[in-house]
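Enquirer: what follows is a predicted structure for the sequence shown.
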Amino acid sequence: MHILVCGGTGCKSSNSDLLVSTLRNELLENGLDKEVQVVLTGCFGFCEQGPIVKVLPDNIFYVGVKPEDAPEIIAEHIIKGRTLQRLLYEDPTTKEKIQNAKGMNFYKKQLRIALRNCGFIDPERIEESIARDGYAALGKVLTELTPEETVQIIKQSGLRGRGGGGFSTGLKWEITAKSQADQKYVVCNADEGDPGAFMDRSILEGDPHTVLESMAINGYCTGADKGLIYIRAEYPLAIARLKIAIGQAREYGLLGKDILGTGFNFDIDLRYGAGAFVCGEETALIHSMEGERGEPTFKPPFPSEQGYMGKPTNVNNVETYANIPPIILQGAAWFSSIGTEKSKGTKVFALAGKVNNVGLVEVPMGTTLREVIYEIGGGIKGNKKFKAVQTGGPSGGCLTEKHLDIPIDYDNLIACGSMMGSGGMIIVDEDDCMVSMAKYYLDFTVEESCGKCSPCRIGNKRLYEILETITKGKGTIEDLDRLRNLSDVIKDTSLCGLGQTSPNPVLSTLDNFMEEYEAHVLHHKCPAGQCRDLMTYWIDTENCVGCTACARVCPVSAITGERKEVHLIDAALCIKCGACMEKCKFNAVYVS
Amino acid sequence: MSSIKIELHENQVNELVEVCKSFSNDPLELIHVLHKAQSIFGYLPAEVQEIVARELKVPVAKVYGVVTFYSFFSMIPKGKNPISICMGTACYVRGGEKVLEEFKRKLGVEVGETTKDGLFSLNCLRCVGACGLAPVVMVGDKTYGRVSPDGVQEILAEYR
């Protein structure tokens, strides 16, 4: 028997480590530690319900498990064989208790290729990876296929880069393979900087061996014997698991000299990022690996021709690599049968924001946004009204109600004014102000712009300032034209992908939510009630009982009034922090 | 860079010199070395950057350029309990900004500053990837999920 416990960052934050040790202790006390194993796995994806525990072979899926629940799980489920009803997932609409993942709407429509091993194996034990076909693709490639044949399979599969650009992976491999040089490199881009996306981290934490295997396959195809993983220093758990995985792979002769006795040499090292979003851009990433500031340079030459240390370098992101072994083992035809005409396979999305089921979701390309948000995501939190879904992070845009039935793929998202990006999907509801949302992303870009070229360094700062003026109620209708013109200039004249896409959140909100911008500049109102400067706090004279709670909590003493008498807010002093409203038990404080 | 000279402990300096040696004093490993240096000293004041520059035989200006480029590196000492508020999009739409405001108010510091008693420093970070728990706050290595402005006082009290 096995008890699988999620050890992803989300569940770990909810104390899954303590849960594991408590479970192990309970087993030991009951003399069951030999029969039942507790395994800390990678992310199951259903982060909203974490920490998650799965009992095999019964295939029972428990949600929201706390360390205190451990004794009961052992006593009831393991010893007496009774399923603990109270820890089962309850379907929010039917109120039915669901025993396993197959019965949950969250998993029904998913197809897991990149995430196939996450939540199934102990990422710190190479044996478990091998038991699920780990390194079988590497073995097949090294013994049965030539590098050219392998590249052809990847090309035919139709796999496109999962980091955002969507460039053909097979073509990239082919270019690197054809570049002539005495030394080549394989790089894995694990600098997942898009705020709100965490699929790469989950793959590295849950199935690190698949990335190592894939990089070795790439090395065989391109003629490189050295691999480098560029990983964010903010991901300590992923770093630790990668180090363990690399050590084990070397021990098993799956990395290092003469792999599987075929004479092929390949080894992998780690390089650390230090917190710079722009380093997700491949030329910037390469400079950062060379110990420089991560500033992008002009392409061409592309890294496949001249990359790390001036040598041909194949750069792919984590999710792209995770797709390679299944393609080799199951064939290009199988992979290209999934998805849409131009986007093959699946895509992992990090579903977050105002949605019921936050988590990692892998669906075939061509699934609609409606299916992802309403069926898998379980709809909007608190039965609020859906307003928009933001895809592609700071480089992407907002899609609205009218886009919900469009099949998701690279080209459709671009046609709607957004982009795939790395797969962040943030749901926004009626309480969110779209002008503030655009401002949020610009704030991010301003901070993350490397400063090398002026359209991005200065232009984005000016965009931010205009947006700030608007959210303060001091904007004019001309500002909206200024936003659009400046956005176009930044897009046309910036050097790298960061600047070329940074105005997208502004443009797509202008396109889809013009009425919100107009409400801000013409009527000085924020329809979502989020822009503080456009709000005034009032005390309702009928509901106020004079309890003085608001006056006591007000940080600037803007509220006056005698005990048991109606209170009054001095609008000139009020800083609109909302503390009074939160404190009032009589619904007497309101905003207009 | 600051004009006040900071006294560095000799054993820490020796440790740093050893770190540089372990990377063969290779300038390509600058970022790696700075990560190690920051874990030795807690931050990267000018004096530390000078040692790194000397050991790797690169201009101090280059080291300074790299230190200031990456947000992970800090030239200001952090508080005993560094507080990081996640400002990733998921946390933002679930009210991360309000939580940040509350921390600023309770601590009387701005983002990037340390309280006078050295107990807390306040910073923002971009997405720790625990979006299911948004909004998220980290104090040292401990993660707090679903934090509301009301819960801020309670978190601070744990460390006072």
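Expert: Perfect, I can see it now.

Enquirer: need the contact list for residue 62.
Expert: All of this refers to chain A. A:I52, A:V53, A:K54, A:V55, A:D69, A:I73, A:L84, A:L87, A:L88 (CB atoms under 8 Å, 6 or more residues apart in numbering or on different chains). Where C-beta positions appear, they are placed from N, C-alpha and C, glycine not excepted.

Enquirer: not what I meant, chain B
Expert: Contacts of B:K62 by CB under 8 Å, 6+ apart are B:L30, B:A53.

Enquirer: low-confidence ranges, chain B, go.
Expert: Applying pLDDT under 70 to chain B flags residues B:1-5.

Enquirer: and if we set it to 80?
Expert: Applying pLDDT under 80 to chain B flags residues B:1-7, B:126-129, B:141.

Enquirer: what are the boundaries of the helices in the stretch 201-350 of chain A?
Expert: A:208-222, A:236-251, A:282-289, A:318-330, A:332-336 (DSSP state H, counting those that start in this stretch).

Enquirer: one more: chain B?
Expert: Under the criterion DSSP state H, chain B contains helices at B:10-22, B:30-41, B:46-56, B:60-69, B:89-93, B:96-107, B:152-159.

Enquirer: pick the most deeply packed of the ones you listed.
Expert: Most buried of the helices of chain B by mean neighbour count (mean count of other CB atoms under 10 Å in any protein chain shown) is helix B:89-93; its value is a mean of 29.

Enquirer: who touches it?
Expert: Residues contacting helix B:89-93 (CB under 8 Å, 6+ apart): A:195-196, A:352-354, A:358, A:390, A:393, A:424, A:426-428, A:432, A:437, A:440, B:85, B:127, B:131, B:134-136.

Enquirer: returning to that earlier point: which one of the helices of the stretch 201-350 of chain A lies closest to B:L100?
Expert: B:L100 lies closest, by CB to CB, to one member of those: helix A:236-251, at 22.9 Å.

Enquirer: chain center to that closest one, what's the gap?
Expert: Helix A:236-251 sits 22 Å away from the centroid of its parent chain (CA atoms, centre = their mean, to the nearest Å).

Enquirer: now it: buried residues?
Expert: Using 16 or more other CB atoms under 10 Å in any protein chain shown as the test for burial, helix A:236-251 gives A:L237, A:A238, A:I239, A:R241, A:L242, A:A245, A:I246, A:Q248, A:A249.

Enquirer: okay, who's weakest in the residues you listed by pLDDT?
Expert: Among those, A:L237 carries the weakest pLDDT, at 87.

Enquirer: what number of residues lie near the closest residue in space to that residue that isn't next to it in sequence?
Expert: In this structure, A:L237 finds its nearest non-sequential neighbour in A:E205, 5.5 Å apart by CB to CB, 6 or more residues apart in numbering or on different chains. Applying other CB atoms under 10 Å in any protein chain shown, we find 26 residues neighbouring A:E205.

Enquirer: how close does A:L351 get to chain B?
Expert: Here A:L351 is placed at a distance of 8 Å from chain B (CB to the nearest CB, to the nearest Å).

Enquirer: now render the helices of chain B as TSV, adding distance to A:G345.
Expert: Shown next, in TSV, are the helices of chain B (distance: least, CB to CB, whole Å):
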stretch	distance to A:G345
helix B:10-22	42
helix B:30-41	34
helix B:46-56	44
helix B:60-69	36
helix B:89-93	25
helix B:96-107	33
helix B:152-159	43
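
Enquirer: now the residue in chain B that chain A sits nearest to, nearest residue through space, not along the chain?
Expert: Taking CB to the nearest CB, chain A has its nearest neighbour within chain B at B:G132, 2.9 Å off. Leaving aside its chain neighbours, B:G132 sits nearest to A:C47 (2.9 Å; criterion: CB to CB, 6+ apart).

Enquirer: quick check, pLDDT for the one you found.
Expert: In this model, A:C47 is scored at 87, pLDDT.

Enquirer: which non-adjacent residue is nearest residue 71?
Expert: Unless you meant another one, I'm taking chain A. Nearest to A:P71 is A:E26, by CB to CB, 6+ apart, at 5.4 Å.

Enquirer: nope, chain B
Expert: Nearest to B:S71 is A:G275, by CB to CB, 6+ apart, at 3.8 Å.

Enquirer: cool, and A:K140?
Expert: A:I328 (6.0 Å).

Enquirer: make sure the one you found is actually in contact with A:V141.
Expert: Yes - in this structure, A:I328 is within contact of A:V141 by CB atoms under 8 Å, at 6.1 Å.

Enquirer: returning to that earlier point: now do the contacts for the residue nearest to A:K140.
Expert: So, once contact is read as CB under 8 Å, 6+ apart, A:I328 ends up touching A:A137, A:K140, A:V141, A:T150, A:I153, A:I217.

Enquirer: make a PyMOL selection of the buried ones in those.
Expert: Here is the PyMOL command that selects the buried residues among those (16+ other CB under 10 Å):
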select buried, chain A and resi 137+141+150+153+217
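
Enquirer: nearest to chain B among the contacts of A:I328?
Expert: A:I217 (26.4 Å).

Enquirer: with A:T320 as the reference, measure out to that closest one.
Expert: 12 Å (CB to CB, to the nearest Å).

Enquirer: touching chain A at all, stretch B:105-121?
Expert: Yes - contact of stretch B:105-121 with chain A (CB under 8 Å from any CB of the partner chain) involves B:R105.
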